[in-house]
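Asker: Below are the sequence and a predicted model for it; my questions follow.
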Amino acid sequence: MVLETRPANSMQEVRNNQTPGKNEPSAEGGLTFSAEQREKIAASLSTLTTWRTLSLLYSCVNCGLCTDACHYYKATNDPALIPITKMKKLLRLIKKCRVTWNSKLPFLPKSSPLSTKEIADLFRTVYEDCTLCGRCGMACPSGINAGPIFHTVRSIFACMGKAPVGLEKPVSTALSKWNYLGLDVDDLSETLEWMAEELADELKIEDFTIPIDQEGAETLYIPHPLEVRDYPLLLTAAVKILHAADEKYTFSTIHFDTVNYAYYSGHIENMITIVKHLLHAKEQVRAKNVVLAPCGHAYRVLRWEAERNLGYRFQFKVFTFSELIDRFLREGRIKIKKDSIDVPITYHDPCNIARYGGVIEQPRNILMALSSNFVEMEPHGALNYCCGGGGGLSASGDYGQLRIQIGKVKVEQIKKTGAKVIVTNCYNCHTQLIELNEKYKLGLQVKSIVELVADSLEVSGKKNNKAIILRYFLNQDTFNVKFILNLSGNFFNHIL
């Protein structure tokens, strides 16, 4: 397959030029910046880059370990895409922007302002040429991680309204409609009502209902809006699992969007605004914990970034759905048919869930319970390569060619496993893997881990009355309930 190299001006830049008052065509590149904007960016680069960031940038020992760690460089062999090369480019601009004696003493040359070309190149570096995956930071002996550093620079562009349109538009919609697709409450209610009817027939349960805005639930489930609009069968799979485990859960009509693209755009204030609305929804239904539909950045934002930016710890737990499924399996609350998939399967670790989130063993526990033919990619877990769709790239069709090109590293990983099914736990990754599968003609099945579990459930109309009674009377978590059941099983088998 012949892959084109990235053109000097991306489609994103061309589309930005069509936005009146933002960017006008320029001979220097697609993005343009007024003199006032260039001064603001220079000032921001000077003030927002802390001593910690500078110390990291200056601590590079030129060992070259980040070259093999970066999927951009491995896919293209372009030295300009080596992580430290990109960060040194940033460092040169920072040094140029910071106030020095050279700019104050009249007999010494003054520092020149940043040009539009320099700023446009920086824009491409932080938005297009890095998915913020963080793998370079794990390879670097000095701990230099391009992800957080470039995310800081993204915040400069985002606060000026210069983030890519593919990220700005869904954020704007989310702030007005509280979901990035602009769905209304009726869309959610009608989808859940239809799903309930389908599940009632499938499970042979009359008057099967899906709880909405039910107060005091153990779990507030936040779906992905694409599940509501385009992929209701994936949402049905989640509900089947929750029902099979006899989980006390609810949906919320206040907030039903796990996505937070404001994080990828770099606009922290908007990110926190969306988080606060989700927290408000949780308080309204008085749910104990929050479980998120498979979405890497959504988990990272609510589990880690929100507390860090808000400055306080949540008094509840945040889970990605695979963590909850793993717990259900360990506690015996659901059973799945072993080897219902008779071909080799492998798993792709989403960067924000595995590398940044630490959720590594749970999905593997699930897949090994599903199949005797689970094959690991190498490397995997926290060291797994990004699929190429992270950092907001899969949110915009403008970066399609770039995503396919840098996804070549993931394709090679998959091929070496010999797997016929590739499983993941993130919608952005799922979208990217589907496109890689088509473009590289891999002949794979791309599956969500939730979908596989739901299809392999051993569904029984008989509820686990033992666990229900014990949870009610003892008010214990389910792990302790299982322990007590093991001790008193004979007694309950006699009376139930």
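Answerer: All right, it came through fine. Numbers count the residues shown, from 1 in each chain.
Asker: Strands of the stretch 101-250 of the chain, start to end?
Answerer: 219-222, 249-250 (DSSP state E, counting those that start in this stretch).
Asker: The first one packs against which elements?
Answerer: The reference is to strand 219-222. Here strand 219-222 touches helix 232-244, strand 249-250, helix 268-285, strand 289-292, going by 3 or more Cβ pairs under 8 Å, 6 or more residues apart in numbering; DSSP states H and E. C-beta coordinates here come from the backbone N, C-alpha and C atoms, glycine included.
Asker: before we move on, the earlier item: figure out which of the strands of the stretch 101-250 of the chain is closest to residue 266.
Answerer: strand 219-222 (22.6 Å; Cβ to Cβ).
Asker: That closest one: partners in the sheet, and parallel or antiparallel?
Answerer: strand 249-250 (parallel), strand 289-292 (parallel) (DSSP bridges).
Asker: closest to residue 116 out of these?
Answerer: Going by Cβ to Cβ, the one of the strands paired with strand 219-222 nearest residue 116 is strand 289-292, 39.9 Å.
Asker: re the thing from before, could you dump the strands of the stretch 101-250 of the chain into CSV and include mean neighbour count?
Answerer: As requested, the strands of the stretch 101-250 of the chain are arranged in CSV below (neighbours: other Cβ atoms under 10 Å):
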stretch, mean neighbour count
strand 219-222, 24
strand 249-250, 21
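Asker: Of all those strands, which one comes closest to residue 295?
Answerer: Using Cβ to Cβ, the strands of the stretch 101-250 of the chain put strand 219-222 closest to residue 295, at 9.0 Å.
Asker: before we move on, back to that, include mean pLDDT and distance to residue 319 when you put the strands paired with strand 219-222 into TSV, please.
Answerer: What follows is those, written out as TSV (pLDDT from 0 to 100; distance: least, Cβ to Cβ, whole Å):
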stretch	mean pLDDT	distance to residue 319
strand 249-250	98	12
strand 289-292	98	5
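Asker: Turn these into CSV, including distance to residue 52.
Answerer: What follows is the strands paired with strand 219-222, written out as CSV (distance: least, Cβ to Cβ, whole Å):
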stretch, distance to residue 52
strand 249-250, 41
strand 289-292, 30
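Asker: Of the helices and strands packed on strand 219-222, which is nearest residue 458?
Answerer: Across those, residue 458 has its closest neighbour in helix 232-244 (8.4 Å, Cβ to Cβ).
Asker: Can you name every helix or strand that that closest one contacts?
Answerer: Packing partners of helix 232-244 (3+ Cβ pairs under 8 Å, 6+ apart): helix 185-203, strand 219-222, helix 225-229, helix 321-330, helix 449-455.
Asker: Can you tell me which of these is most buried?
Answerer: Compared across these, strand 219-222 shows the largest average neighbour count, a mean of 24 (mean count of other Cβ atoms under 10 Å).
Asker: related to what we said a few turns ago, and residue 224, which of the strands paired with strand 219-222 is closest to it?
Answerer: Between the strands paired with strand 219-222, strand 289-292 lies closest to residue 224; by Cβ to Cβ that is 8.6 Å.
Asker: buried sites along the helix or strand that the closest one is followed by?
Answerer: As assigned by DSSP states H and E, the chain's next helix or strand after strand 289-292 is helix 296-300. Across helix 296-300, burial judged by 16 or more other Cβ atoms under 10 Å covers 296-300.
Asker: what does helix 296-300 contact?
Answerer: Contacts of helix 296-300 with the rest of the structure, by Cβ atoms under 8 Å, 6 or more residues apart in numbering, involve 222, 258-261, 263-264, 292, 318, 320, 350-353, 356-357, 359, 390, 425-426, 428-429.
Asker: pLDDT on that helix, on average?
Answerer: Helix 296-300 shows a mean pLDDT of 97.
Asker: which is the next helix or strand following that helix?
Answerer: Next along the chain from helix 296-300, counting by DSSP H and E, comes helix 306-310.
Asker: Just give the nearest non-adjacent residue to residue 37, would you?
Answerer: Excluding its sequence neighbours, the residue lying closest to residue 37 (Cβ to Cβ, 6 or more residues apart in numbering) is residue 160, at 6.3 Å.
Asker: So that neighbour is in contact with residue 43, correct?
Answerer: No: counting by Cβ atoms under 8 Å, residue 43 is not a contact partner of residue 160; they are 11.4 Å apart.
Asker: rewinding a little: for residue 172, see how far away the residue nearest to residue 37 is.
Answerer: Using Cβ to Cβ, to the nearest Å, we find residue 160 at a distance of 15 Å from residue 172.
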